[in-house]
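Novice: Quick one: sequence and predicted model below, then my questions.
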There are 2 protein chains.
Amino acid sequence: MDAVEIVSDLALKARAAARTLSTATGTERKAALYAIAAAIETRSAEILKANAEDIARAKAEDMHPQMQDRLLLTESRVAGMANGARLVADLPDPLGQVLRQSTLPNGLDLKQVSVPFGVIGMVYEARPNVTVDAAVILLMSGNAALLRGSSTAAASNQVLVTVIRDALATTKISPEVIQLVPSEDRATVKALLNARGKVDLVIPRGSAALIRMVVDESTVPTIETGAGVCHVYVDEFADIEKALPILINSKTHRPSVCNAAETLLVHRAIAPTFLPMALKALSDAGVILHADATAQKVAEKFGIASTPATDQNWCTEYGILEMNVGVVDSVDAAADHIAKYGTNHTEAIVTEKKENADRFIALADCAAVMVNTSTRFTDGEQMGFGAEIGISNQKLHARGPMGLEAMTTTTWIVTGDGQIRS
Amino acid sequence: MDAVEIVSDLALKARAAARTLSTATGTERKAALYAIAAAIETRSAEILKANAEDIARAKAEDMHPQMQDRLLLTESRVAGMANGARLVADLPDPLGQVLRQSTLPNGLDLKQVSVPFGVIGMVYEARPNVTVDAAVILLMSGNAALLRGSSTAAASNQVLVTVIRDALATTKISPEVIQLVPSEDRATVKALLNARGKVDLVIPRGSAALIRMVVDESTVPTIETGAGVCHVYVDEFADIEKALPILINSKTHRPSVCNAAETLLVHRAIAPTFLPMALKALSDAGVILHADATAQKVAEKFGIASTPATDQNWCTEYGILEMNVGVVDSVDAAADHIAKYGTNHTEAIVTEKKENADRFIALADCAAVMVNTSTRFTDGEQMGFGAEIGISNQKLHARGPMGLEAMTTTTWIVTGDGQIRS
C-alpha cells in the first residue's frame, strides 16, 4: 500500500471506531484515560527501552544534543505523561455542554451543544510526550486521532501508541480510535494533509517551517499554531516598577516559546526615564539588542551595545535572547507597528491609564492582550485550562491556548412536537 | 493594475479603514446601519434604474427567466433591503461579549471577549440583495467587507455599494470599510481567494459549483456553506401523524434550499403502515421517487411510480421535487446510511422513544438534528438569529445557520498588576 492508501485505511478505521467514543459517557472517557495512565506506569520499562533505541540511533546519526534531549524519555518524563493523563481525565467534560438554548415562538426547543470534532490528525516533531499528551486530550474531547510523529521517535511512539491502544481494549472504547501514522515514509504527512473528508482537522506542532508547510499544503482544515512575534509596549502612563520586570520576564523567562516577546516599544514621553534602565537590564540579562534610531542614541549614550534595527529584525521571532527596541509617539503608533510586524499572537501594554489600555485592546488584533502582565501568560496551563494542545494564532475556530473545548464543534438540536414551516 | 493588484489595494484600504469600525461603539454601528437603510430608501429610484440596466442586458443575452427573477430588484425588494438593515441594527451587539471570565490564583483577571473577525470577502452569485444583506451583517459585527458579486448584477451592485459608502461617509466609520471587487474580470475572484494575510475569511454563497471552487482554491480561510443532502428518518416508534407532515414539509416546502430533505429512511417495523401513505403523499405532491428494493416493492404494490435508487441517487442533492426512499433495520443503520451519504447538514428523526432520539443525536455528525420537526427549520431567521449570512456545514468555527456571532473571533484579555512567571 502506498502512503495515500495507508493513511486512508487508518482514517477510515478511526472514523468507524469513533462511534464508540461519541456514544461513550464522560465517565467512560475519564475511566479510559485513567486506564491509559496506569498502563503507562506499568509498562514504563518497555517505553524506556524503545526510547533507548531511538536515542542510540540519534547518537549514531550525530543528532544535536539539544535535539537529543527533546527526544529523550526518562522515568520522570514517563511519570509526567501518566500524571498528565489523569489531570486531563479530571477536567470538566467538554462534550454535551449546552452553549445556547431557547424556545421559539412556535414551541420548538433549540439547543446548541458541544460535540466531538471527529477525526483529528496531529503532525508533530521530536518530543514523544506529545504522542500521549495529544492522544489524551483528543480522547477526552471525543475525537479519534491519527498521530504522525517524527521518524526520530519512531520506536518510542510505536510503543506509546501500543500501550494506549491496549489500555483502550479494556474499555468499551475501540482501540482503533488511536492510530499511529507511519513515520518512515515522508509521504504519509502529505497524504494526511490531503485526506479531506476522511480527516476533519490537522494540527501541526513543531518548528515554524513545519507549521508553514502544513498550513500551506493541507486541504484538510488546520489550526495554525506558533509564530509569535510578540510585543511589550510601555506606555507614557506606565508604572515603571511593573514595566521592567514584565519586560524582562516576557523576553527572558523562556525565550524559545512562542509567547516570548521579541520587541519592546516605549512611548517617547517615558523613554528618558525607562529606556536606559530597560536597555541595561536587557543587556545584563545577555539579550542581543537591535534598536531604532532613537533607542540607538540612548544605547550609545549609556554604553550599551546594539545594532540598527532593520525591517527584517522587526518581524523576526528570535526564539533566543535577542530583542528589538523602538520608540513610538502614541498608543496608536504602537498599534500600527504591531499591526505591521506582529503575528497576531500576544501583545502587552504597561499603563496605568485605562483609556490607553482600552484603546490598545480595541486596536489589537491578536490572540491575547496583556495589560500590566507578562506575555508569558498566554499558556493553557497558566490560564487554568488544565490541558493545552497548542496555541492558535489564527482567527477561525480557536484563538490563543487551545484546551479541550477547542477540539469540539457544535450541533443544533431542535426538538419539536410535529412543527412544520408554513 | 492587474486583478491581484486591484484586490490587494482594496484589501489594504479595507484593513486600514477597519480601525474606524473596531473602535466604534455598538451605538455607532447601529446608527450607521440606520443611515444605510435611510439612504437605500431615499435613493431607491437610482438603485432600480441601475438594476434595469442589468435586467436589460440579461434579456439581451437570453438569460433564463428564473435567473432574471433572481437578478431583479423591485420597490418591494429594495424596501426589504432597507428594513433588513434596520432589523440587523436592532440585534444585540455581538462584539465585546464576555464569553469566559475567571480570576487566576495569582490574581490575574482573565476574560475572553468577542471581537471583529477582520476583513471578510464575500463571493456570491446573482441576487443583488446579498450585497446589502452581507454588508450590514459584516458592519454590525465590526468587519470590513470585500464584496465580489456577479458580473450580471454589476450595475446594481455598484450603485448599492455607492449608496452604502455615501451613508457611511456621514458617520465616523470610514466608507472604505466596504469595497466592491470588480466583477467584469473573472480573475478578481481568484485574487481574492489567494489574498491570504490581507483577507481573513472568504464566504461563498451560491451554487454548489461556486462553493466547491472557493473552498478548493482558497488559501484564505473559508466557511463552506450549502451542500445539503438531508435525511428524514421515520423510526419504529414514530408518531405517524407527525411523520407525514414533517416528511412532506421537509421535501416540498422549498425544495431548492439546502435544508430540504433528499432522502426518506423508514424503519422496517413501521414500513408496512407508513411507507404506503408516505409514497402516495410524495407522489401526489409531484415528487419523483427513487427507492431501494424494499420500498420499490411497496411502491409497485400500490401503483406508485419509482425507479431503483443507485449509489448516485443516495448522495444527490436534487434541489427539486425528487427524493430517495429506503428501509432500514435500526437507528444505527439509519445513522450508517447518513454517515455514508449525508453532507453533515440537517438530519431529522421522527420518534416518540427518547432513547432512540438520543442515540440518533449521538451518532449524528451534522450541523442540526431535528427531533420531531421539519428539516426546513435550519434557518437563521426561523431560529431567531435575526440575520443569517449563510448556513455552514463544516465543523470549524461555525456550524449551521451563521448569524452575527459567526462573524466574530475572540481575544483573551489578561489584566494584572505586574504579575510575572516565576
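Specialist: Right, received. Where do you want to start?

Novice: Now do the buried residues in the top helix by length along chain A.
Specialist: Across chain A, the longest stretch assigned as helix under DSSP state H is helix A:3-22. By 16 or more other CB atoms under 10 Å in any protein chain shown, the buried positions in helix A:3-22 come out as A:3, A:6-8, A:10-11, A:13-22. All C-beta spots, glycine's among them, are computed from the backbone N, C-alpha and C.

Novice: Over to stretch A:94-101?
Specialist: For stretch A:94-101, burial by neighbour count (16+ other CB under 10 Å) applies to A:94-95.

Novice: is chain B contacted by it?
Specialist: No. Residues of stretch A:94-101 are not located near chain B by CB under 8 Å from any CB of the partner chain, the shortest gap being 9.2 Å.

Novice: So for that stretch, first residue to last residue, what's the gap.
Specialist: End-to-end distance for stretch A:94-101, by CA to CA, to the nearest Å: 17 Å.

Novice: which residues of the stretch 301-422 of chain A fall in helices?
Specialist: According to DSSP state H, counting those that start in this stretch, the stretch 301-422 of chain A carries its helices in the segments A:311-314, A:331-341, A:354-363.

Novice: Turn the ones you listed into JSON lines, including mean neighbour count and mean pLDDT.
Specialist: Listed next are those as JSON lines, based on neighbours: other CB atoms under 10 Å in any protein chain shown; pLDDT from 0 to 100:
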{"stretch": "helix A:311-314", "mean neighbour count": "14", "mean pLDDT": "98"}
{"stretch": "helix A:331-341", "mean neighbour count": "19", "mean pLDDT": "97"}
{"stretch": "helix A:354-363", "mean neighbour count": "18", "mean pLDDT": "96"}
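
Novice: Reformat those as CSV; add distance to A:C230.
Specialist: CSV is the format used below for the helices of the stretch 301-422 of chain A (distance: least, CB to CB, whole Å):
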stretch, distance to A:C230
helix A:311-314, 12
helix A:331-341, 9
helix A:354-363, 14
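
Novice: Out of the ones you listed, the one nearest chain B is which?
Specialist: Across the helices of the stretch 301-422 of chain A, the minimum distance to chain B, taken as CB to the nearest CB, is reached by helix A:354-363, at 4.8 Å.

Novice: Which residue would you name as the spatial centre of chain A?
Specialist: With distances taken as CA atoms, centre = their mean, the residue of chain A nearest its centroid is A:G390 (1.6 Å).

Novice: Identify all residues paired with the residue nearest to that residue when sequence neighbours are not counted through a beta bridge.
Specialist: Leaving aside its sequence neighbours, A:G390 sits nearest to A:T225 (CB to CB, 6 or more residues apart in numbering or on different chains; 4.0 Å). Partner residues in beta bridges with A:T225, using DSSP bridges, are A:S392.

Novice: so A:T225 makes contact with A:N393?
Specialist: Yes. Counting by CB atoms under 8 Å, A:N393 is a contact partner of A:T225 at 7.1 Å.

Novice: between those two, what contacts are shared?
Specialist: A:C258 (CB atoms under 8 Å, 6 or more residues apart in numbering or on different chains).

Novice: would you put the C-alpha positions of stretch A:345-364 in CSV?
Specialist: Backbone C-alpha positions of stretch A:345-364 (Å, rounded to 0.1, in the frame of the first residue of the first chain) are rendered in CSV as follows:
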residue,chain,number,x,y,z
HIS,A,345,-0.2,36.3,19.0
THR,A,346,0.3,38.2,22.3
GLU,A,347,0.7,41.9,22.8
ALA,A,348,1.3,43.5,26.1
ILE,A,349,0.7,47.1,27.3
VAL,A,350,2.0,48.5,30.5
THR,A,351,0.0,51.5,31.6
GLU,A,352,-1.9,52.9,34.5
LYS,A,353,-4.3,54.8,32.2
LYS,A,354,-7.4,52.8,31.5
GLU,A,355,-8.3,54.7,28.3
ASN,A,356,-5.0,53.8,26.8
ALA,A,357,-5.3,50.2,27.8
ASP,A,358,-8.8,50.1,26.2
ARG,A,359,-7.6,51.8,23.1
PHE,A,360,-4.7,49.3,22.8
ILE,A,361,-7.2,46.5,23.2
ALA,A,362,-9.6,47.9,20.6
LEU,A,363,-6.7,48.3,18.1
ALA,A,364,-5.1,45.0,18.9
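
Novice: Any part of that stretch near chain B?
Specialist: Yes. Under the criterion of CB under 8 Å from any CB, chain B is reached by stretch A:345-364 at A:357, A:359, A:361-364.

Novice: Number of residues surrounding the residue nearest to A:G206 when sequence neighbours are not counted?
Specialist: What sits nearest to A:G206 in space, not counting adjacent residues and going by CB to CB, 6+ apart, is A:E125, at 3.5 Å. By the criterion of other CB atoms under 10 Å in any protein chain shown, A:E125 has 19 neighbours.

Novice: Quick check on A:E125: phi, psi?
Specialist: In terms of degrees, to the nearest 10, the main-chain angles of A:E125 are phi -110, psi 160.

Novice: Please apply the same query to A:V266.
Specialist: Per-residue torsions, A:V266: phi -120, psi 130 (degrees, to the nearest 10).

Novice: Residues in a beta bridge with it, which ones?
Specialist: A:V234, A:V327.

Novice: That one: what's it in contact with?
Specialist: Contact analysis of A:V266 by CB under 8 Å, 6+ apart lists A:233-234, A:274-275, A:278, A:295, A:325-328.

Novice: Tell me which residue of the stretch 1-150 of chain A lies closest to chain B.
Specialist: Relative to chain B, the nearest point of the stretch 1-150 of chain A is A:T23 (4.8 Å; CB to the nearest CB).

Novice: where does that residue land on pLDDT?
Specialist: For A:T23, the pLDDT comes out at 92.

Novice: Phi and psi next, for it.
Specialist: The phi and psi values for A:T23, taken as degrees, to the nearest 10, are phi -100, psi 0.

Novice: Over to the one 3 residues further on?
Specialist: Dihedral angles of A:G26 (phi, psi; degrees, to the nearest 10) stand at phi -60, psi -40.

Novice: Would you mind confirming that it is in contact with A:L91?
Specialist: No. Checked against CB under 8 Å, the pair A:G26 and A:L91 is beyond contact range at 10.0 Å.

Novice: which residues in the stretch 251-400 of chain A form strands?
Specialist: In the stretch 251-400 of chain A, strands defined by DSSP state E, counting those that start in this stretch lie at A:261-267, A:288-291, A:307-308, A:322-328, A:346-350, A:368-373, A:390-392, A:400-402, listed in chain order.

Novice: the inter-axis angle of the first one versus helix A:354-363?
Specialist: Between strand A:261-267 and helix A:354-363, the angle comes out at 140 degrees (axes from the mean of the first three to the mean of the last three CA atoms, to 10 degrees).

Novice: Please apply the same query to the fourth one.
Specialist: An angle of 120 degrees separates the directions of strand A:322-328 and helix A:354-363 when computed by the same axes, to 10 degrees.

Novice: helices and strands around strand A:322-328, which ones?
Specialist: Judged by 3 or more CB pairs under 8 Å, 6 or more residues apart in numbering or on different chains; DSSP states H and E, strand A:322-328 is in contact with strand A:261-267, helix A:271-284, strand A:288-291, helix A:293-301, helix A:311-314, helix A:331-341.
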